[in-house]
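Undergrad: Okay, sequence plus prediction incoming.
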Amino acid sequence: MRRMPSMSCAGIICGLMLLSSTKVMGLPTTVFVYNKKPDADLNTFDSNALGFILQELGLLDANGKPNIPEAQKIKDPNTGAVIGYKSADGTKEAYDVNSSATTDEAWKQVANGGMLHIIKHGAFLLGVPDFEGGGITLDGDNVFDGFKPAGGAGAGTGAGYDNGPGRPSGPYPLTPRPGANIRLNLNGCWTSKDPDGAGPVTPVTATGGSVPGVGVTTGHPGVVNVNVAVGLSGGTQPQHDEAKKRLRDEARAKGFPPKPTDGSPRRATTDDDVVAWVKDLPVESRYDTVQKIVDAGNPPTVRLVLTYSKLEKAAPPAPRRIQQPHQIPPTGGDLGFDYENGEPPELIAASLHVPPGALARPGIFLISMHGQLPSPPSSRMLASGAFLFRVVNGDPVQAPIEMSFGVYAPFSDVSILWFDPQQSLWRNPIGSVTFNGQVVTISSSETGLYAAFVPLSPVPALSTWAAAVLALLLALTGATLAARAARRRSA
């Protein structure tokens, strides 16, 4: 029986084309792959992924409204159609692979040592039981069984997704780029999940390493969400209250929340329903649509603020889900740490990337979650896990390495600090700090204890589970956390 993906497919890539893009400083270090959905086929994941990408490329104004100069649009040289966007400094680009652009072309645009960041759906098959994972949607919304080298052999995940007659199936072919050391970051549902446990099908992340040029592949064990926060600025509190009422009335008129199917009364519309309605609007016209309702024909005083975010819950590629020491050679390598907390479990993760040349001799690295946290800096509170990055066999680090972990607050409010054991105080890291969504990466030769902090007042809007996790970190020791994680793994 043919296995069909559960999602609909729209659009077919008609041929390979050279991407038209003027570079400012060579190839970009980060390239995004996404879907542009037509207005008649709205999809909250794809729409908010585009909003998130525009925010990352600096193409939204301070209030979250798209502001895209012509010079930052990437166009098909043959048709003039917009197929992507680029940042003003040329370090980031994004390609819509439901256009004439392809994932392979985007892959070839990434500078050596950079990242291909694919924000696309994972795949599942409807059945008994449902079959989650083993596939990812790429060009033309076709589902592929992971990756293989273009022109080479490879079975991919072995899931056997079939897109139907005349459409491509099997593993997606990426052009080999030996030595490129590019991070393949798969932001789709179940991309790091092994869909059949001990069976023959493998996670999508496990196939990335078969392509020369892929340094490490990260993905997600469960469902991925891209979110937008709806806020207001300016005006008075009564004006804010009136604007919120108008937005709730409009969301209700548009069907949020939906009427119960069992005939019970429809519940009141909440601010969360407003967000659900906003998520369903096209990104390009979203801001103006909502601001018009806020204004309601009056001179604009209260201004809409839209902020996009995506909580990275990256899991290292199988079988590296470990809490034990790991040896990394002078040629470089990666190490991952993850811990599941709560029911249903949420994944708290950190990773370490050692580029070639950072070590004079093999280093034995360890990542652990530090429970007995030193006193936070004055007037600050924890906004992440506290992760201890260690070199167990001395200190062979002679060039910057990359240490990454998730942060549970808007990055504009966050301070990333390193605990100086000599001075017994928190201070700024020695090296660079960058954000990719809700993941922070510290590039430094200084290992040790790192964490994110935010001001005590105003208290950041942390999610319920994140607040519980942070309380847990302060209450338990690192050894206890490791023991609990080990028990979960063996269960």
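TA: Yep, it's here.
Undergrad: For the rest of this, base every contact and every neighbour count on C-alpha atoms.
TA: Fine.
Undergrad: per-residue pLDDT, the residue nearest to Ile364 when sequence neighbours are not counted?
TA: Distances taken as CA to CA, 6 or more residues apart in numbering place Gln327 nearest to Ile364, at 4.2 Å, with adjacent residues excluded. We note a pLDDT of 77 for Gln327 in this prediction.
Undergrad: Also Met7?
TA: The model's pLDDT for Met7 equals 39.
Undergrad: Next: the one 3 residues further on.
TA: Confidence at Ala10, expressed as pLDDT, is 29.
Undergrad: Kindly report the same for Thr175.
TA: On the pLDDT scale, Thr175 gets 97.
Undergrad: I figured it hits Gly152, correct?
TA: No: in this structure Thr175 lies outside contact range of Gly152 using CA atoms under 8 Å: 9.5 Å.
Undergrad: Specify which residue of these two has the higher count of neighbours.
TA: Thr175 (18 against 12; other CA atoms under 10 Å).
Undergrad: and that one, what does it touch?
TA: 104, 108, 149-151, 211 (CA atoms under 8 Å, 6 or more residues apart in numbering).
Undergrad: Which segments of the chain make up each domain?
TA: 30-218, 230-309, 326-490 (automatic domain parsing).
Undergrad: most packed of those?
TA: Of all the domains of the chain, domain 30-218 carries the top mean neighbour count, a mean of 21, counting by mean count of other CA atoms under 10 Å.
Undergrad: so where is the protein shaky, pLDDT-wise?
TA: Applying pLDDT under 70 to the chain flags residues 1-25, 38-42, 126-129, 297-299, 311-325, 339-348, 370-373, 394-395, 457-491.
Undergrad: Nearest to Gly58 among the contacts of Thr175?
TA: The nearest member of these to Gly58, counting by CA to CA, is Lys108 at 22.6 Å.
Undergrad: what's the spacing between the closest residue to the closest one other than its chain neighbours and Leu116?
TA: Closest residue in space to Lys108, ignoring its immediate chain neighbours: Thr175 at 7.6 Å, by CA to CA, 6+ apart. Thr175 is 13 Å from Leu116, where distance means CA to CA, to the nearest Å.
Undergrad: got it, and His326?
TA: The gap separating His326 from Leu116 is 25 Å, by CA to CA.
Undergrad: likewise Gly263?
TA: Relative to Leu116, and taking CA to CA, Gly263 is found at 48 Å.
Undergrad: same thing with Gly84?
TA: Distance from Gly84 to Leu116, by CA to CA: 14 Å.
Undergrad: other SSEs contacting the longest helix seen in the chain?
TA: Longest helix of the chain, by residue count under DSSP state H: helix 237-253. Applying 3 or more CA pairs under 8 Å, 6 or more residues apart in numbering; DSSP states H and E, one finds that helix 237-253 contacts helix 271-279, helix 283-295.
Undergrad: Let me have these in TSV, adding distance to Asp194 as columns.
TA: TSV is the format used below for those (distance: least, CA to CA, whole Å):
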stretch	distance to Asp194
helix 271-279	30
helix 283-295	33
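Undergrad: thinking again about what came up before, so the residue nearest to Ile364 belongs to a strand, correct?
TA: Yes: according to DSSP: H, G, I helix; E, B strand; the rest coil, Gln327 belongs to a strand.
Undergrad: show me what contacts Ile293?
TA: 243, 246-247, 250.
Undergrad: ok so, going back, just the contacts of Thr175: which are in helices?
TA: 104, 108.
Undergrad: Need the max-distance pair from the contacts of Thr175.
TA: Among the contacts of Thr175, Lys108 and Gly151 lie farthest apart (CA to CA), at 15.3 Å.
Undergrad: now the helices for this protein?
TA: Going by DSSP H, the chain shows helices at 44-56, 103-109, 205-208, 237-253, 271-279, 283-295, 464-475, 478-490.
Undergrad: Any idea which of those gets closest to Ser432?
TA: Across those, closest to Ser432 is helix 44-56 (CA to CA), at 17.7 Å.
Undergrad: list the helices and strands that closest one packs on?
TA: Helix 44-56 packs on strand 30-34, helix 271-279, helix 283-295, strand 303-309, going by 3+ CA pairs under 8 Å, 6+ apart.
Undergrad: Compute the inter-axis angle for that helix and helix 283-295.
TA: 90 degrees (axes from the mean of the first three to the mean of the last three CA atoms, to 10 degrees).
Undergrad: just how off-centre is helix 44-56 within its chain?
TA: Per CA atoms, centre = their mean, to the nearest Å, the displacement of helix 44-56 from the mean C-alpha position of its chain is 11 Å.
Undergrad: hmm, back to that, possible to save the contacts of Ile293 as JSON lines with distance to Lys37?
TA: Listed next are the contacts of Ile293 as JSON lines, based on distance: CA to CA, whole Å:
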{"residue": "Ala243", "distance to Lys37": "29"}
{"residue": "Arg246", "distance to Lys37": "28"}
{"residue": "Leu247", "distance to Lys37": "24"}
{"residue": "Glu250", "distance to Lys37": "23"}
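Undergrad: just the residues you listed now: which is nearest Thr29?
TA: Closest to Thr29, out of all of the contacts of Ile293 and judged by CA to CA, is Leu247, at 39.4 Å.
Undergrad: List the residues that contact the closest one.
TA: So Leu247 contacts 274, 290, 293-294 (CA under 8 Å, 6+ apart).
Undergrad: Repeat that for Val305.
TA: Applying CA under 8 Å, 6+ apart to Val305 gives the contacts 62-64, 229-233.
Undergrad: for it, which residues make a bridge with it?
TA: Legend: beta-bridge partners of Val305 under DSSP bridges are Gly231.
Undergrad: which residues of the stretch 1-150 of the chain fall in strands?
TA: Counting by DSSP state E, counting those that start in this stretch, the stretch 1-150 of the chain has strands at residues 30-34, 73-75, 82-86, 92-96, 115-118, 122-125, 131-137, 143-144, 147-149.
Undergrad: who's in contact with the last one?
TA: Outside of strand 147-149, the residues within contact range by CA under 8 Å, 6+ apart are 154-157, 171-176, 204, 207-208, 210-212.
Undergrad: So which of the residues you listed are in strands?
TA: Counted as lying in strands by DSSP state E, out of these, are 172-174.
Undergrad: can I get those residues in a markdown table with distance to Val223?
TA: As requested, the ones in strands among the contacts of strand 147-149 are exported to a markdown table (distance: CA to CA, whole Å):
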| residue | distance to Val223 |
| --- | --- |
| Tyr172 | 22 |
| Pro173 | 25 |
| Leu174 | 25 |
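Undergrad: Find the nearest non-adjacent residue to Thr157, please.
TA: According to CA to CA, 6+ apart, the nearest residue to Thr157 is Thr202 (4.7 Å).
Undergrad: Contact partners for that neighbour?
TA: Contacts of Thr202 (CA under 8 Å, 6+ apart): 134, 156-159, 194-196.
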